[in-house]
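1. can you look at this prediction? I've put the sequence above it.
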Amino acid sequence: MVSAAEKRDYSILGPEQEKAVTQGLVSAVWYQCPVPRKRLKELTKRRNLPAFRDTVLWLALLGASGYVAWLSWGTWWSILAFAVYGTLYAVPAGSKWHEFGHGTPFRTAWLNEAMAQFCAFLSLSPASTYRWTHVRHHTDTIIVGSDPEIVAPRPPHWGRLLARYLHPTVTVRGLLSYAAGRMSEELKALIPAAAQKKLFWEARITIAIYLSLIAICFYLGTIAPLMFIGLPAFYGVWLNYPLGWTQHLGLYEDTLDHRLCTRTFKTNAIIRFLYTNMNYHVEHHMFPMVPYYNLPALHEEIKEDCPEPAPSFRAAVRETIDALRKQRHDPNYVVPRVRSFAERVGRAVMIDSIGLKQQVDGGRPTTAV
Amino acid sequence: MDSNRWIEAGNAEEMDLEDVARFDYDGRTFAVYRTAKNEYYASDGYCTHERTHLADGLVMGNLIECPKHNGRFDVTTGEAKRAPACVKLKTYSVKVAMGKLFIKID
Ligand code: FES
C-alpha cells in the first residue's frame, strides 16, 4: 500500500523545493571519489582528435545507412533500413547533444557549440531548454523539488513513463510556444532572462528550417526528406528511453552522493559508441569536466570506491524496471546492489532518516490509494 | 582597509603551466592561474554562477573552466565566456618577484 504522505510533489516550484533547501540538499557539496590531482588533470584534457573521429564516424554511418534506406524506399526492406537509420540518428543525436552541450569533447569551443546546436536541431528542440534544465540537474541531481530532470516520481506511473515516447510531440508543441515567446514557469525559473531570448530565436530558426523541409516534401511529392531529418526523432527513439531510465531510476533520491543516485553499467562497444559513453554515468556526474572519451579511464580510477556497475545494458534495464515495479508498492525501494553499497559506506541510514523526516514533516494524513 | 596590498601567495614555480591553485587569505579565497604562456593571473576563488571553487577547474589558454557546470571565464579580464557563467569574475593583479607570487588585494 502506498500512502498519500509518501507521494511527493516533484515540481521544482512546489513545496518540496523549500524542504530540500531546509535540509541542505540544494546547491550542496557532493561526495567525490579521491583522484590524484595530476591524474584528474590528464583526464580532463580536451582533444579534438577523438571528438572529430567519433563525429565523422557517426555522420558516415548515418550517411551509409541513409543511402541504404533511400535505395530500399518503396520496398518492405525500408522498414528495417529506416529502423537502423532512425536508431543511428536519434540515440547519438540525444547523447551528443548532451555531451557537446557540456562543452567538453572538442578542445575548440565553437565546435562543441555547433555540434550541440546541430544535435538539438535533429532532436526537434532548441538547444537552450535542455542546457538550463541540465545545469540544475547537475547541481541537484535527483533532489526532489529541485531537479527538473527526474524521469519518474515515486511511486512511478507506468502510463506516464511510457507516454514519454510521445515526447517529440511535446517538444514540437514546446517549439511553437517558444517561437511565440512563451515558456513554462519552471523554465522561467531556470533560464536567465538574457538566455531566454536566445531560446526563442533558436526555436524560430528550427521551425523555419523544418518548414522549408516540409515545403520541399510538398514540392517533390514525397515525405522522404522528413523521413531522413526530423521524423527519426519520433520513430528512432525507441532506445533513447530505456537508456535514459537507467541513468537514475530505482536508486536513491535526496542524497549528496552520485554513487547512490546514479547508475553506471558495463556494455558493448556499439552501445558505448551510440550513447557516447554515458553508460559511465556516475563518473560523468561526479566529474563533469571529463570528456566522454576519458570516462572509461576515469571509471578505472574510481571503481574501487563505487558500487559494482550493472554488468550489462540488459541487466541495467532489468534492475531498473524491477525497481520501478517494487516502488509502486514500496516507494523507498532501492536496487539491492546500490543499497548494500550504501550500507557499506554508512549512508543508507542517513538517507532513510531524511525520507522519514520528510514524511513526518509532510504532516499530511495517511490515506491508502 | 589598507588598499593596494600586495600579498604573497606562494612560489611561482610550484605551479604547473596551464594550472590553477587555491589561495586563501584573511577569510577570503582566490584562484591563481598560470597559463601555458607562463603568465600569472588571479581572481576570486568562487565561480559567479554557484559557489564552486575554480581551483578545481581546468585552465585552457586564457580560460578557466568551472568544474561544476563547465562555465568559462577569461582569466585575464574575468569576462564570463560560456554559460551558465554569465556574471564577470573579479580579477586581481599578480606579480612575480624573487620567484614569489604576489596578488594585489583591494
Ligand atoms: S558553478 Fe561554475 S558554472 Fe556553475
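-> Okay, I see it. Computed from a predicted structure; not experimentally measured.
2. alpha carbons only for contacts and neighbour counts from here, please
-> OK.
3. remind me which residues of the stretch 51-200 of chain A are low pLDDT?
-> For the stretch 51-200 of chain A, residues meeting the criterion pLDDT under 70 lie at A:165-166, A:168.
4. which one of the residues in it is closest to the ligand?
-> Using C-alpha to the nearest ligand atom, the single residue of the stretch 51-200 of chain A nearest to the ligand is residue A:135, 7.3 Å away.
5. quick one: neighbours of residue A:187, just the number.
-> Residue A:187 is flanked by 17 other residues according to other C-alpha atoms under 10 Å in any protein chain shown.
6. quick check: it vs residue A:195, distance?
-> Per C-alpha to C-alpha, to the nearest Å, residue A:187 is found 11 Å from residue A:195.
7. related to what we said a few turns ago, assumed the residue of the stretch 51-200 of chain A closest to the ligand was part of a strand.
-> No: the assignment for residue A:135 is helix, going by DSSP: H, G, I helix; E, B strand; the rest coil, so no strand is present there.
8. burial of it, as a residue count?
-> When neighbours are defined as other C-alpha under 10 Å, residue A:135 has 22 of them.
9. residue contacts, it?
-> Shown in contact with residue A:135 (C-alpha atoms under 8 Å, 6 or more residues apart in numbering or on different chains): B:69, B:84.
10. what helix or strand is residue A:209 on?
-> Using DSSP states H and E, residue A:209 falls within helix A:193-220.
11. so which elements touch that helix?
-> Helices and strands touching helix A:193-220, by 3 or more C-alpha pairs under 8 Å, 6 or more residues apart in numbering or on different chains; DSSP states H and E, are helix A:127-139, helix A:167-179, helix A:224-228.
12. the first one: how far from the chain's middle?
-> On the basis of C-alpha atoms, centre = their mean, to the nearest Å, the separation between the geometric centre of helix A:127-139 and that of its chain is 10 Å.
13. that helix versus helix A:167-179: what angle between them?
-> Angle between the axes of helix A:127-139 and helix A:167-179 is 110 degrees (criterion: axes from the mean of the first three to the mean of the last three C-alpha atoms, to 10 degrees).
14. moving C-terminal from helix A:127-139, which element do we reach first?
-> Next along from helix A:127-139, by DSSP H and E: helix A:158-162.
15. give me the contact list for that following helix.
-> Counting by C-alpha under 8 Å, 6+ apart, A:151, A:152 sit against helix A:158-162.
16. most neighbours per residue, which of the helices and strands packed on helix A:193-220?
-> The highest mean neighbour count among the helices and strands packed on helix A:193-220, using mean count of other C-alpha atoms under 10 Å in any protein chain shown, belongs to helix A:127-139: a mean of 21.
17. what's the closest non-adjacent residue to residue A:115?
-> Closest residue to residue A:115 in three dimensions, ignoring its sequence neighbours and counting by C-alpha to C-alpha, 6 or more residues apart in numbering or on different chains: residue A:100, at 6.2 Å.
18. ok, how many other residues are close to that neighbour?
-> 24.
19. mind checking pLDDT for the residue nearest to residue A:9 when sequence neighbours are not counted?
-> Leaving aside its chain neighbours, residue A:9 sits nearest to residue A:16 (6.3 Å; criterion: C-alpha to C-alpha, 6+ apart). Looking at residue A:16, its pLDDT reads 95.
20. ok, residue A:16 - contacts?
-> Residue A:16 neighbours (C-alpha under 8 Å, 6+ apart): A:8, A:9, A:10, A:144, A:145, A:146.
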